[in-house]
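Trainee: just the structure for this:
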Amino acid sequence: MPASKRRPLLLRHADFRRLWTASTTGRTGSSVASVALPLTALSVLDANPFQVSVLTAASWLPWLLIGLVAGAWVDRLTRRPLMLVCDAAAFLLIAAIPLAAWCDVLTYAQLLVTALLTGTASVFFKTSYEVLLPRLVTGEDRVEANSTLHASEEAGQLAGYSGGGALVTLLGPAGAMLAQAGTFAVSLLAVLGLRHREARPQRPDTGTSLVKEIREGLAFTFHDGYIRAFALCGAATNLALTAFQSIQVTFLVREAHLPAGTIGLLLGAGGLGGIAGAFAARRLGTRLGTARAVYLLTLGTPCLALLIPFAAHSPLGIGLFTLGYATVVFSVVAENTITATFEQNYIPAALYGRVRTASAFVNYGTIPLGALLGGALAEGIGLRPAMWSTVALVPVCGLILLTSPMRRGRDLPATPGERGAPA
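Mentor: Reported below is the predicted structural model:
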């Protein structure tokens with residue numbers, strides 16, 4: 001049946017629908033927390049900008065500490081039970097925050113430990129999810145699956161940001177964290193309903209150590225010109241993005257003097273940009289070529305990030321922030337949609353978990369550093385100059401891709417050793 005006449009993947013693939021539910025609700029909850037957690041630290045505990053940025057760093061630090069080991073473990077285990085454990089642990093940790101606040105025993109240390117442990121659960125959940133997806137969805141359906149997932153995640157982000165601002169207004173910052181706990185419960189039920197049962201992965205040959213498996217993932221990542229370039233570009237971009245995002249809420253509260261509800265709506269505008277990016281990715285890849293589209297999305301459109309520091313309590317300031325932030329999210333999501341499909345087809349299945357976590361180790365390992373950089377700059381030179389300094393780095397990071405083999409082709413290749421379509 002022609003692709004144009006087939007029913008949408010969400011309607012004809014029950015397990016993909018359940019995985020989509022887990023992904024979308026998780027993104028919604030994370031977006032609620034990205035508004036509620038900094039506001040909890042700022043308003044309930046009177047934290048300073050650096051302390052708020054440390055919370056962001058703590059949630060991403062596990063990728064740096066255990067990311068490589070997690071990939072090797074996930075390749076050895078069945079993924080569904082591991083995802084269930086991660087959802088249950090995250091639910092309990094997040095639900096404890098509003099309970100502690102209502103009992104007047106909430107401390108900054110609890111927020112920090114919660115960020116660290118939920119970040120650890122996220123490492124294993126996300127790695128398991130990324131390995132499971134290409135086993136559930138194959139062939140041409142992968143493009144639709146990635147577009148649907150990214151669009152829905154951004155819709156969830158939009159709902160989480162705007163709803164997070166409203167929940168903070170109604171329930172207080174700590175009370176709004178209950179919404180995030182609820183999303184982990186929904187995700188757990190969705191994963192529990194998965195009918196697909198993986199065969200237990202083959203045990204490694206005698207003498208094959210965890211270290212050797214990790215080394216194999218690293219070797220593929222750094223020896224392959226495409227995967228290496230994407231990993232390094234992602235690392236630099238995440239450093240810059242997290243540096244400004246870690247102080248973004250503090251900046252909008254203390255420099256732009258915006259209320260919580262408005263902040264949620266502004267950040268939600270990024271979700272609209274992300275939804276547009278997910279749906280535009282396939283068309284951009286077809287019209288321009290996947291390699292050229294990636295260059296546009298990493299070197300061209302991110303230049304509008306320079307509008308973000310103009311945020312102010314005025315229609316013009318709000319409009320400039322919205323345009324800049326939505327365009328950045330559009331670029332990131334569209335580029336991620338294209339590269340996710342490329343990697344699912346390109347990376348050998350037996351190595352997929354290890355290569356993805358090796359890439360994530362490089363990619364996400366800079367996020368805690370970026371968060372600390374943003375906080376340190378805000379404390380040292382002030383919030384607005386820190387925003388200018390960090391957003392200016394975003395479009396520069398795409399220059400790393402000029403070192404990759406993709407500069408010689410129109411499209412990204414389908415398998416290792418294959419050249420991209422000529423320009």
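
Trainee: which residues does stretch 187-200 contact?
Mentor: With contact meaning CB atoms under 8 Å, 6 or more residues apart in numbering, stretch 187-200 is reached by 14-15, 18-19, 21-22, 25-26, 29, 78-80, 83-84, 87-88, 91, 132, 135-136. The way it works is simple: take the backbone N, C-alpha and C, and place the C-beta from them, glycine included.

Trainee: give me that answer again for 6 Å
Mentor: Stretch 187-200 is contacted from outside by 15, 18, 21-22, 25-26, 78, 80, 83-84, 87, 136, using CB atoms under 6 Å, 6 or more residues apart in numbering.

Trainee: buried ones only from the residues you listed, please, as a PyMOL command.
Mentor: Applying 16 or more other CB atoms under 10 Å to these, the buried members can be selected in PyMOL as follows:
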select buried, resi 18+21+22+25+26+83+84+87+136
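
Trainee: which one of the contacts of stretch 187-200 is nearest Gly398?
Mentor: Among those, Gly26 lies closest to Gly398 (CB to CB), at 27.9 Å.

Trainee: quick one, phi psi at Gly193?
Mentor: When read as degrees, to the nearest 10, the backbone of Gly193 gives phi -80, psi -10.

Trainee: correction: Leu106
Mentor: The phi and psi values for Leu106, taken as degrees, to the nearest 10, are phi -70, psi 140.

Trainee: nearest spatial neighbour of it, skipping sequence neighbours?
Mentor: Using CB to CB, 6 or more residues apart in numbering and skipping the chain neighbours, the partner closest in space to Leu106 is Ala100 (4.1 Å).

Trainee: tell me how many other residues crowd that neighbour.
Mentor: Ala100 has 16 neighbours, counted by other CB atoms under 10 Å.

Trainee: repeat that for Leu11.
Mentor: 10.

Trainee: could you do Leu188 as well?
Mentor: Residues lying near Leu188 (other CB under 10 Å) number 20.

Trainee: and it, how close does it get to Gly271?
Mentor: Separation of Leu188 from Gly271 (CB to CB, to the nearest Å) stands at 24 Å.

Trainee: is the residue nearest to Leu106 in a helix, a strand, or coil?
Mentor: helix (DSSP: H, G, I helix; E, B strand; the rest coil).

Trainee: one step back: which pair of the contacts of stretch 187-200 spans the longest distance?
Mentor: By the measure CB to CB, Thr25 and Thr78 form the most distant pair in the contacts of stretch 187-200, at 22.1 Å.

Trainee: what about the stretch 1-150 of the chain, any weak spots by pLDDT?
Mentor: 1-6 (pLDDT under 70).

Trainee: low-confidence ranges, the stretch 251-400 of the chain, go.
Mentor: Within the stretch 251-400 of the chain, no stretch has pLDDT under 70.

Trainee: tell me where it has helices.
Mentor: 260-288, 290-295, 315-346, 352-365, 367-381, 383-391 (DSSP state H, counting those that start in this stretch).

Trainee: how far is stretch 254-272 from where the chain is centred?
Mentor: Stretch 254-272 sits 19 Å away from the centroid of its parent chain (CA atoms, centre = their mean, to the nearest Å).

Trainee: in it, which residues are buried?
Mentor: Counting neighbours by 16+ other CB under 10 Å, stretch 254-272 gives 255-256, 258, 260-261, 263-272 as buried.

Trainee: can I get that stretch in CSV, CA atoms only?
Mentor: Extracted as CSV, the C-alpha positions of stretch 254-272 are listed here (Å, rounded to 0.1, in the frame of the first residue of the first chain):
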residue,chain,number,x,y,z
ARG,A,254,14.9,38.7,38.0
GLU,A,255,15.9,40.6,34.8
ALA,A,256,12.8,40.6,32.6
HIS,A,257,10.5,40.7,35.7
LEU,A,258,8.0,38.3,34.3
PRO,A,259,5.4,36.3,36.4
ALA,A,260,5.4,32.5,36.6
GLY,A,261,2.4,32.1,34.2
THR,A,262,4.0,34.2,31.5
ILE,A,263,7.3,32.4,31.8
GLY,A,264,5.5,29.1,31.3
LEU,A,265,3.8,30.4,28.2
LEU,A,266,7.1,31.8,26.8
LEU,A,267,8.9,28.5,27.3
GLY,A,268,5.9,26.7,25.9
ALA,A,269,6.5,28.7,22.7
GLY,A,270,9.6,26.6,22.3
GLY,A,271,7.3,23.6,22.2
LEU,A,272,5.5,25.1,19.2
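
Trainee: re earlier: what's the closest of the contacts of stretch 187-200 to Thr357?
Mentor: Nearest to Thr357 among the contacts of stretch 187-200, counting by CB to CB, is Met83 at 15.1 Å.

Trainee: my guess is that closest one contacts Phe125, does it?
Mentor: Yes: counting by CB atoms under 6 Å, Phe125 is a contact partner of Met83 at 5.4 Å.

Trainee: over to stretch 392-411 now: how far is its first residue from its last?
Mentor: Start and end residues of stretch 392-411 are separated by 28 Å (CA to CA, to the nearest Å).

Trainee: can you list the buried residues in it?
Mentor: For stretch 392-411, the neighbour count (16+ other CB under 10 Å) marks 393-395, 397-398, 400-401, 404, 406, 409, 411 as buried.
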